[in-house]
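Visitor: 3D, please:
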Amino acid sequence: MSIQEFSELMGEIARSISDHAVDQDLANHLNAAFPKDGKTFQRIAALCVEGERDGWLMRHEAGGIKFGRALKPDQEAGAFSVDVVRMKDVKGPHHVHPKGEIGAIFPIDGAAKFDGFSQGWYVYPPGSDHHPTVTEGDAYVLYLLPEGAIEFTGR
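Guide: Presented below is the predicted three-dimensional model:
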């Protein structure tokens with residue numbers, strides 16, 4: 001079952017980062033351990049497609065963004081929640097990452113970028129904030145939030 005495989009892969013990734021600080025070194029670790037051209041990264045991309053198609057990922061839509069929380073904290077991904085969004089040339093709602101954000105970009109078409117990041121892993125440190133923005137195409141963005149912490153500001 002795809003959702004079970006997705007959960008298992010998220011658990012594997014969460015275990016590999018559980019002792020890391022949420023900083024650029026973590027992004028470097030993820031890009032080395034789970035590279036964008038590697039089996040795990042590519043399988044997660046395929047599972048995002050399956051999950052959207054089969055309705056177990058991104059069950060909500062607003063402002064041209066499909067989104068949904070796939071895993072809550074204390075499930076298969078340990079202390080992390082796992083969310084997936086699909087965005088196409090759109091700016092999302094401003095929010096703060098009280099404990100940081102660990103994400104991966106999976107372009108669907110073109111050379112889609114998320115906040116200027118190309119395909120692969122990125123990390124925002126604790127206390128960072130942004131308007132999540134996809135440019136130059138359509139992409140899935142998967143992100144892990146320590147303890148599921150996120151604060152939407154309405155700005």
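
Visitor: so where do the strands sit in this protein?
Guide: Using DSSP state E, the strands of the chain run over 60-62, 65-71, 80-91, 95-97, 101-114, 120-124, 128-130, 133-146, 151-152.

Visitor: and the second one with strand 80-91, angle?
Guide: Put plainly, it is strand 65-71. 170 degrees (axes from the mean of the first three to the mean of the last three CA atoms, to 10 degrees).

Visitor: what angle do strand 65-71 and strand 133-146 make?
Guide: 20 degrees.

Visitor: ok, and what's touching strand 65-71?
Guide: 3, 6-7, 10, 51-52, 56-61, 77, 80-87, 90, 92, 148 (CB atoms under 8 Å, 6 or more residues apart in numbering). In short, each C-beta sits where N, CA and C put it, glycine included.

Visitor: and Leu26, what does it touch?
Guide: Taking CB under 8 Å, 6+ apart as the test, what Leu26 contacts is Ile17, His20, Ile102, Val123.

Visitor: buried subset of those?
Guide: Ile17, Ile102, Val123 (16 or more other CB atoms under 10 Å).

Visitor: beta partners for the second one?
Guide: Beta-bridge partners of Ile102, counted by DSSP bridges, are Val123, Leu144.

Visitor: ok, it touching Leu30?
Guide: Yes - with contact defined as CB atoms under 8 Å, Ile102 reaches Leu30; the gap is 7.2 Å.

Visitor: now the common contact residues for the two.
Guide: Ile17, Trp121, Val123.

Visitor: relative to Ala33, how far out is the last one?
Guide: The spacing between Val123 and Ala33, counted by CB to CB, to the nearest Å, is 13 Å.

Visitor: what's the neighbour count on Lys72?
Guide: 12 (other CB atoms under 10 Å).

Visitor: what's opposite the closest residue to it other than its chain neighbours in the beta bridge?
Guide: Take Lys72 and drop its neighbours on the chain: the residue closest to it by CB to CB, 6 or more residues apart in numbering is Ser81, 5.6 Å away. With DSSP bridges applied, the residues forming beta bridges to Ser81 are Leu145.
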